[in-house]
Every structure is written in C-alpha cells, then in structure tokens.
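Engineer: sequence and predicted model, in that order:
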Amino acid sequence: MDYGHFHRDRLNLWLHLLAVPLFISGVLLSFGALLTARLSLSLAGLGLAAFSLFVQGRGHTREQIPALPFRGLGDFLWRIFREQFFLFPRFVWSGGWRRQLSGATVTTQPLPGTARQR
C-alpha cells in the first residue's frame with residue numbers, strides 16, 4: 001500500500017509535517033547527547049520523540065483508513081523509524097504531501113480527548 005493511503009486527513013497531514021521533524025530532532029539529540037554522556041539532554045530528546053509520536057497518533061485517529069496494527073516491538077520500531085526517517089521525508093520531497101493535501105478530506109470530528117466548541 002502506498003504511504004498516502006493512510007494519510008488523507010488534512011489535519012493529520014499538517015500534524016505530520018510538524019511532528020516528524022520533531023521526532024528526527026529528538027532522536028538525533030538523544031543519540032548525540034548519549035555520545036557526550038549528557039543523560040538529561042538525552043532524556044529530553046527521547047521525550048521530544050515520544051511527544052511527536054503522541055501527536056501523530058492523535059492525528060491518525062482522524063483517518064478513515066486506520067494504520068495497520070503493530071505485530072510486536074520489533075515491527076513497531078522498524079515501522080516508526082522507517083516512516084520518520086525515510087517514508088515521510090520522501091513523501092514530502094516527492095510532492096506527495098502537497099498532492100495529498102490538495103485532495104485531503106476534512107474530518108469534522110475533533111481529536112479524541114478534546115471538546116468540540118459550539
């Protein structure tokens with residue numbers, strides 16, 4: 001299945017555009033901080049990456065076609081790192097993100113855990 005198949009909601013597309021660079025930055029910060037033995041900075045990087053995944057997960061709840069479930073920890077790690085470092089950047093650089101945004105659906109439901117304003 002093509003990457004855009006699971007990324008059709010307008011808000012989710014925007015959330016990914018903001019959150020994926022946060023994930024990459026967090027992982028690189030964490031790794032770099034570990035190399036210089038700065039544990040607190042490394043933990044901050046992991047926190048940033050975790051926050052990014054949380055935001056993306058919330059965005060995915062808006063999609064009409066849900067992401068495939070993970071088959072375990074190995075599958076989770078493989079798919080997350082592959083998406084964050086390769087698939088999404090390629091999706092953006094190839095123009096797929098912009099094309100998908102122009103034909104994106106607008107879901108009227110709020111993100112889970114947020115109240116709809118009337």
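Structural biologist: Perfect, I can see it now. Residues are numbered from 1 along each chain as shown.

Engineer: mind listing what's buried along the longest helix along the chain?
Structural biologist: If you go by DSSP state H, the chain has its longest helix at helix 10-35. By neighbour count on 16 or more other Cβ atoms under 10 Å, the buried set for helix 10-35 is 10-13, 15-16, 19-20, 22-24, 26-27, 29-30, 33. To be clear about C-beta, it is placed using only N, CA and C from the backbone, and glycine gets the same treatment.

Engineer: again with stretch 53-70
Structural biologist: Going by neighbour count (16+ other Cβ under 10 Å), the buried part of stretch 53-70 is 53, 55-56, 58-60, 62-63.

Engineer: so which of these are in helices?
Structural biologist: Counting by DSSP H, the buried residues of stretch 53-70 place 53, 55-56, 58-60 in helices.

Engineer: switch those residues over to TSV; also include distance to Leu73 and pLDDT.
Structural biologist: Converted to TSV, these look like this (distance: Cβ to Cβ, whole Å; pLDDT from 0 to 100):
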residue	distance to Leu73	pLDDT
Leu53	14	97
Val55	21	97
Gln56	18	96
Arg58	22	95
Gly59	23	94
His60	19	92
